[in-house]
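Chemist: Fold the following for me, if possible:
(4 chains)
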Protein chains: 2
Amino acid sequence: MSKAVTILDIAREAGVSPATVSRVLNDSAPVAEATRKRVLAAAEAHHYAPNPFARGLVSNLSRTLGVLIPDITNPYFSLLFREVETAARQAGYSVLLYNSSFSAADASDLTEQELEGFRRMLEQRVDGVLVIGGQADLLHVTEAYREGLSRLAAQVPVVVLGDPIREVPCRFIQRERGHGVLLALQHLTSLGHRRIAFVGGEAEVGITEARLAAYVDGLSLLGLPLDRSLISLSDYYAPAGYRAMKALLASRAPFTAFLAMNDHVALGAIRALADAGLRVPEDVSCVSCDRFLTADYCIPRLTSVDQHNERFGRALVEALLEEIQGKPTGAPRLVSPELILRESCQPVASP
Amino acid sequence: MSKAVTILDIAREAGVSPATVSRVLNDSAPVAEATRKRVLAAAEAHHYAPNPFARGLVSNLSRTLGVLIPDITNPYFSLLFREVETAARQAGYSVLLYNSSFSAADASDLTEQELEGFRRMLEQRVDGVLVIGGQADLLHVTEAYREGLSRLAAQVPVVVLGDPIREVPCRFIQRERGHGVLLALQHLTSLGHRRIAFVGGEAEVGITEARLAAYVDGLSLLGLPLDRSLISLSDYYAPAGYRAMKALLASRAPFTAFLAMNDHVALGAIRALADAGLRVPEDVSCVSCDRFLTADYCIPRLTSVDQHNERFGRALVEALLEEIQGKPTGAPRLVSPELILRESCQPVASP
DNA sequence: CTGAAAGCGCTTACAG
DNA sequence: CTGAAAGCGCTTACAG
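Modeler: As a prediction, the model looks like this:
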């Protein structure tokens, strides 16, 4: 590999001191226009890029943001991440991604992975950290996690997508998560459905609790009875949706429609219905949340609440930049959920 | 933010010189066991993490790998990336991800995004770069891209997933991409299909050309005639699959089965068939490539060739580490494609 | 086995 | 507006 060109090379070429080159490149002090031009020309000619190590050593800044995510192959996270990366880049930051492969199934084992992520961020001296998913999504975190996150936040600005964790000095940002469920319930009841199941999600996870609460409140708001046997939890992927629907069918609790935690769960659930000889929407209607990429091409096309989660990515980055730059804290812009009507709902069959 | 602890703090605490601390921490020279223990204890006690800027300034190493990817929300890339990140981490490297949002549709405009990615990698002084997708997937790249990639490779080890580009000093790694198509064709012909369409993919893209070539060769191998009107290209997402199938149907060329470039394309194509009143597999059989996450839950479940692309991620990282460490070049381990039989194929209806 | 010292490539007071 | 010099926190010959 060829040796990189340094500020000294540019200084020599432009006939000035390295200090002046630095001033021109960082626009950190007035420099005579003629000098300035010579410096810029020299830098350009040699494709000069300041050494970030040297720069970091004095500024203590890496121009890098760390992002902790459990699983980038989950479209919920990858959509969010893409937005985060774009926003970060536009603000002049690179993004270090750490995939902690966290799944609520075995929290104790995997806490270590998240702690390792925290450590990495510290080692790499990122300028700020975004924590998305993992234990931050849970109602209760382990003590080790609390400590690790606190230590991290003591040394670098941290923004967490989630509800505040007691005594942890991060900035927490949470979205409104119940309104979409209400939209879905209203839609289903307007079609005459009265026995509406809730499928997917895990207990102990914030989003599940929030949506479940909205489900319970929504039913009462709409004057429908709550039947706990219509709630079938699992997790957030297609196999889980399949299992949850199987369990629901096995319970023989009657229902004419269901709410799915997301499109993958919906897919699995619809598959389970099909395997039981039930069609969507002819026999059962379905509204899903968190619309993913291919929902418009499934059979049936999924009616889904689009939470516009990905737009939230930019808000997260902006909050983090505020923390880094110590600027005033604007409240994150809210993005309203939107019910996308497709084919998976139909008026309830008259009994 | 609290001021970080430095090697001097540890040296003082352990009653040794900073040089000795460095030796212990890097295991770079013999140190008396007693001294060693004191140093380690002090480092531990203060959660000491060496400053990567200072370290990088002398070593010129960042312990960071750069990964250039067009779109992390595409499951093909996110599956690959997850494996890359895991392998990199296990080798002690962090990963900087740059999303270039490249789509072959408007190459000229987007070359700039990829060049910007190259520049970023250089600025950040990553220890090595992995180039995945984008123009690297194309049969022909722009001159600007060639120059940018060459300049990058002149300064840092670069591994490209793709076919060699003339005069560019990178290591290129390519997979075998035709065998899966042959498996699919054999399966379909064994079911009696003789008019098999090819749906999805773009001309000018390597993988499309490779699979198309395998399709042409496979047909002749199996003694079937080639009918160009059964080839309907588009790109790699569900909407494209939909359009491609619509076009194929509009052409009225008869076929009883089709090969899809990937599961998203298959989904779109099957949707288009459904909208035309045709069922899979009853009316038309389908084999897809590049199995994605939810293929087992679609209606119908997709029969698909699993290329095990994600396993390739580790091979890429290993190749890059070899380039970085200047070690001998092992040929990348090959991963054979595997035909996953599900529900989307059925014997051809007797005419 | 251990320490003193130079040096990596920048930025930033301090002079002028 | 510009330069000389110190210093950021490490690592690595060089001595001993």
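Chemist: Identify each buried residue in the strand or helix carrying A:Ala240, please.
Modeler: Element membership for A:Ala240 (DSSP states H and E) is helix A:238-251. Within helix A:238-251, the residues that count as buried by 16 or more other Cβ atoms under 10 Å in any protein chain shown are A:Ala238, A:Pro239, A:Ala240, A:Gly241, A:Tyr242, A:Arg243, A:Ala244, A:Met245, A:Lys246, A:Leu248, A:Leu249. C-betas here are computed from N, CA, C, even on glycine.
Chemist: Just the closest of those to chain B, please.
Modeler: Of all these, A:Ala238 has the smallest distance to chain B: 4.3 Å, by Cβ to the nearest Cβ.
Chemist: Contacts only, for the closest residue to the closest one other than its chain neighbours.
Modeler: In this structure, A:Ala238 finds its nearest non-sequential neighbour in A:Gly268, 3.8 Å apart by Cβ to Cβ, 6 or more residues apart in numbering or on different chains. Residues in contact with A:Gly268 (Cβ atoms under 8 Å, 6 or more residues apart in numbering or on different chains) are A:Tyr237, A:Ala238, A:Pro239, A:Ala240, A:Gly241, A:Tyr242, A:Arg243, A:Ala244, A:Met245, B:Tyr297.
Chemist: Now tell me what touches stretch A:312-324 from outside.
Modeler: With Cβ under 8 Å, 6+ apart, stretch A:312-324 has contacts from A:65, A:79-84, A:86-88, A:91, A:127-130, A:132, A:157-159, A:161, A:171, A:173, A:175, A:327-330, A:332-333, A:335.
Chemist: and what of stretch A:164-172?
Modeler: Against stretch A:164-172 from outside (Cβ under 8 Å, 6+ apart): A:131, A:136, A:141, A:146, A:149-150, A:153-154, A:157-160, A:162-163, A:319-320, A:323, A:329.
Chemist: 7 Å - rerun?
Modeler: A:141, A:146, A:149-150, A:153-154, A:158-160, A:162-163, A:319, A:323 (Cβ atoms under 7 Å, 6 or more residues apart in numbering or on different chains).
Chemist: State the distance from A:Asp263 to chain B.
Modeler: 9 Å (Cβ to the nearest Cβ, to the nearest Å).
Chemist: on that earlier part again, next one: the helix holding A:Ala240 to chain centre, how far?
Modeler: 26 Å (Cα atoms, centre = their mean, to the nearest Å).
Chemist: Remind me what the following helix or strand past that helix packs against, helices and strands.
Modeler: Once helix A:238-251 ends, the next helix or strand along the chain (criterion: DSSP H and E) is strand A:257-260. Applying 3 or more Cβ pairs under 7 Å, 6 or more residues apart in numbering or on different chains; DSSP states H and E, one finds that strand A:257-260 contacts helix A:179-190, strand A:196-199, helix A:263-275, strand A:285-289.
Chemist: again, only using 6 Å
Modeler: Under the contact definition 3 or more Cβ pairs under 6 Å, 6 or more residues apart in numbering or on different chains; DSSP states H and E, strand A:257-260 sits against strand A:196-199, strand A:285-289.
Chemist: Could you report the pLDDT at A:Phe77?
Modeler: We have a pLDDT of 93 for A:Phe77.
Chemist: does A:Leu226 really touch A:Leu219, like I thought?
Modeler: Yes. At 5.2 Å, A:Leu226 counts as touching A:Leu219 under the criterion of Cβ atoms under 6 Å.
Chemist: which one of these two has more residues nearby?
Modeler: A:Leu219 (20 against 12; other Cβ atoms under 10 Å in any protein chain shown).
Chemist: OK, contacts around the more buried one?
Modeler: Shown in contact with A:Leu219 (Cβ atoms under 6 Å, 6 or more residues apart in numbering or on different chains): A:Leu226.
Chemist: Please determine how far it is located from A:Leu185.
Modeler: 7 Å (Cβ to Cβ, to the nearest Å).
Chemist: Could you tell me the model confidence score at A:Ala104?
Modeler: A:Ala104 is given a pLDDT of 48.
Chemist: So the nearest residue to A:Leu278 once chain neighbours are set aside versus B:Cys345, what's the distance?
Modeler: Nearest residue to A:Leu278 in three dimensions, chain neighbours excluded: A:Val284, at 5.6 Å (Cβ to Cβ, 6+ apart). Computed as Cβ to Cβ, the A:Val284 to B:Cys345 distance reads 28 Å.
Chemist: same deal with A:Pro18?
Modeler: 69 Å.
Chemist: Counting neighbours, go ahead and name the busier of the two.
Modeler: Higher neighbour count among A:Pro18 and B:Cys345: B:Cys345, with 23 against 14, using other Cβ under 10 Å.
Chemist: which residues in chain A form strands?
Modeler: Ranges of strands within chain A are A:64-69, A:94-99, A:128-132, A:158-161, A:171-173, A:196-199, A:231-232, A:257-260, A:285-289, A:303-306, A:338-340, based on DSSP state E.
Chemist: could those go into CSV alongside distance to A:Asp109?
Modeler: Putting the strands of chain A into CSV (distance: least, Cβ to Cβ, whole Å) gives the following:
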stretch, distance to A:Asp109
strand A:64-69, 17
strand A:94-99, 16
strand A:128-132, 19
strand A:158-161, 22
strand A:171-173, 25
strand A:196-199, 27
strand A:231-232, 26
strand A:257-260, 28
strand A:285-289, 28
strand A:303-306, 33
strand A:338-340, 38
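Chemist: residues from chain A in reach of DNA strand D?
Modeler: A:15-20, A:23, A:29-32, A:34-36, A:54, A:57-58 (Cβ under 7 Å from any atom of the strand).
Chemist: among these, which ones are buried?
Modeler: Buried, going by 16+ other Cβ under 10 Å: A:Val16, A:Thr20, A:Arg23, A:Val31, A:Thr35, A:Arg36, A:Leu57, out of these.
Chemist: between these, which is nearest A:Asp306?
Modeler: Using Cβ to Cβ, A:Leu57 comes nearest to A:Asp306 of those, at 45.9 Å.
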